[in-house]
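Novice: Build me a model from this:
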Amino acid sequence: MSKRIEVRAPESSQEGTESMVGEWLKQLGERVEEHEPLLEISTDKVNLEVSAPASGRLSEILKQAGDPVGPGDLLGWIEAEAAEKPSTGAAASPVRKPSAEAPVQSPLQAGAVMKHRLSPAVRRLIQQHGLDPSRITGSGRGGRITFQDAEAYLGSRQAPAASPVPQPAPPPGETRRVAHTPMRRSIAAHMVESLLHTAPHVTAFFEADLSAVLAHRQAHRREFEQEGVRLTLTAYFVSAAVRALQAVPEVNSRWHDDYLELLPDFNIEVAAAVQGGLVVPVVRRAQGLSLFETASQIQQLTEKARSGKLQNEDLQEGTFTITNHGVSGSLIATPIIHQPQSAILGIGKLQKRVVVEELRGADAIVIRPMAYITLTIDHRALDGYQANTFLSKFVEELEGWSVQNHHSSRTRSRA
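Specialist: Reported below is the predicted structural model:
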C-alpha cells in the first residue's frame, strides 16, 4: 500500500515579497528521504529549501522552475511507500540504490560528503569551486549545509578557489551571457511591480551636516567596542529615523484601498548587499532601543547576512526601509519602495563639502562633512509636505545630536 503526500510551500512569507520555484533538487520518479532537501524557493530576500515531508518517490511536480509561488501552494506529490515486512532469503537484505545524497568522486573526501549530507545543488557548488565542507558552518536542519551557506562562504573568501577545470577568457570583443539567479529574477519582478504597477513614486532631497554625529561617535566608539559592538553611522540613521517617524507617523504605514494603516511598531529594514543580490533584515521595535541596542542589533543582522544565516523571521514584518547606498560611493539615489511600505530613506556618501554658514551675523565659507538624504514616498499615501516634515526632523536629529539626550549608550529612545 502507498499513500500520496502533499508537498506545499511554507505558509510563512513576507507580505509583498515575490516568490518563485528556483530549482527542483529531485527529478520526477526519484526516491526521496524524509527531511531531505526537495526544492528551492527563491524570493527577492532569501533562498529557502523545502524538505520532503515523507520518504517515498516524487510522483508529481505541479510547479516548475520559475513559476510563482504563494504561501501554502501545492507544489507536488510524494508517493509514500509503506514499510515492507522482512522476508527470508537473499532478498531480505535491504539493498539501497545510490541516491543524489550518496558520495561521489570529487576533490572532496567521500567521508566529508557523507558527514555533511550535501544536497545536489550544494554539492555542485562545492565541487565546482573546490570548497571544503568542513570549513562551512551549516544553518539547515541538524547543522546541514544549505545552498546559501555555501554561497555565502564562497563570497566571503579573500580569493576565489582554483576551478578544477580552468576556464579560458573570452576573446576580445566577444559578449558573455550570465544567467540570472532566482534571487535576481525575483528582485527584478518586485521592483518593476512596485515602481510601475503599484505605487506612484516621488522623491524629496535634503542634505545633512554630520559633524555632531561624527563627534559623538568619536567620543563613544571605544565605549561600544569594549562591549563588543561596532558603533556605525547606520545606528545613528536608524535612531534618527525613529524620531522622525514619531513626528510623522503616516510614513510608517501601509496603503489600503479604503484606509491608511498606521503601524504601531517601527520595524526598520536596513538594506545589506550580499553575493547575488540584496537583503533587508529587520531591526524590530526600534522605538524601544537605545543607540547601543540599535548598533548591537544591526551588527548581529549584518553578520548573519554576510554568513548566509538569516532566517525567514529576520526578514519579515518590516514597516520602513533605510538604504545606505553611500557606502559604495553613491552621492544621490532614488530608491524604489519595498512594498507594501509607504516610503524608503536613502543615505548618500559622507563627503566633506564647502558650505556657507552665518557666523556672528556674517556669511562664512566652512568645510563640513555632508551627506545627501532622500525620502521616496508612495504618493497615494503621502504628500510632499509630510515627506519634507519627516526629512526636516531627521536632519534636525542628526545635526543636533550632541545637544539631545543621546549621550549615554544605554539611554533609550523617547517613545
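Novice: switch to C-alpha atoms for all contacts and neighbour counts from now on
Specialist: Noted.
Novice: Residue 196 in helix, strand or coil?
Specialist: Classification of residue 196 by DSSP: H, G, I helix; E, B strand; the rest coil places it in helix.
Novice: how deep is it tucked in, by neighbour count?
Specialist: For residue 196, the neighbour count with other C-alpha atoms under 10 Å is 10.
Novice: State the distance from it to residue 338.
Specialist: Here the criterion is C-alpha to C-alpha, to the nearest Å. By it, residue 196 lies 13 Å from residue 338.
Novice: Leaving out chain neighbours, which residue sits closest to residue 209?
Specialist: residue 370 (4.7 Å; C-alpha to C-alpha, 6 or more residues apart in numbering).
Novice: whoops, residue 384 was the one
Specialist: Of all residues not flanking residue 384 in the chain, residue 204 sits nearest, at 7.4 Å (C-alpha to C-alpha, 6+ apart).
Novice: Can you show me the helices along this protein?
Specialist: Along the chain, the segments classed as helices by DSSP state H run 110-116, 120-129, 147-156, 182-192, 211-226, 233-247, 291-306, 384-399.
Novice: OK, contacts around the closest residue to residue 295 other than its chain neighbours?
Specialist: Of all residues not flanking residue 295 in the chain, residue 235 sits nearest, at 5.0 Å (C-alpha to C-alpha, 6+ apart). By C-alpha atoms under 8 Å, 6 or more residues apart in numbering, the contact set of residue 235 is 291, 294, 295, 298.
Novice: likewise residue 374?
Specialist: Shown in contact with residue 374 (C-alpha under 8 Å, 6+ apart): 203, 204, 205, 206, 332, 333, 334, 345, 346, 347, 391.
Novice: Who is it paired with across the strands?
Specialist: Counting by DSSP bridges, residue 374 is bridged to residue 205, residue 346.
Novice: Okay, it and residue 122: tell me how far apart.
Specialist: For residue 374, the distance to residue 122 equals 40 Å [C-alpha to C-alpha].
Novice: now do residue 133
Specialist: 10 Å.
Novice: Looking only at neighbour counts, state which of those two leads.
Specialist: residue 133 (23 against 20).
Novice: Pretty sure the more buried one sits against residue 126.
Specialist: Yes - with contact defined as C-alpha atoms under 8 Å, residue 133 reaches residue 126; the gap is 7.5 Å.
Novice: Could you list the low-confidence segments of the stretch 251-400 of the chain?
Specialist: 276 (pLDDT under 70).
Novice: Can you say which of the helices of the chain is nearest to residue 259?
Specialist: Checking these against residue 259 by C-alpha to C-alpha gives helix 384-399 as the closest, at 17.2 Å.
Novice: any weak-confidence spans in the stretch 101-250 of the chain?
Specialist: For the stretch 101-250 of the chain, the ranges with pLDDT under 70 are 101-121, 123-124, 128, 139-144, 146-148, 151-152, 155-171, 182-184, 187, 190.
Novice: which ones are touching residue 320?
Specialist: Counting by C-alpha under 8 Å, 6+ apart, residue 320 makes contact with 251, 252, 266, 267, 268, 269, 341, 342, 343, 344.
Novice: repeat for residue 28
Specialist: Neighbouring residues of residue 28 by C-alpha under 8 Å, 6+ apart: 57, 58, 59, 60, 61.
Novice: how about a cut-off of 10 Å?
Specialist: Going by C-alpha atoms under 10 Å, 6 or more residues apart in numbering, residue 28 touches 57, 58, 59, 60, 61, 76, 77, 78.
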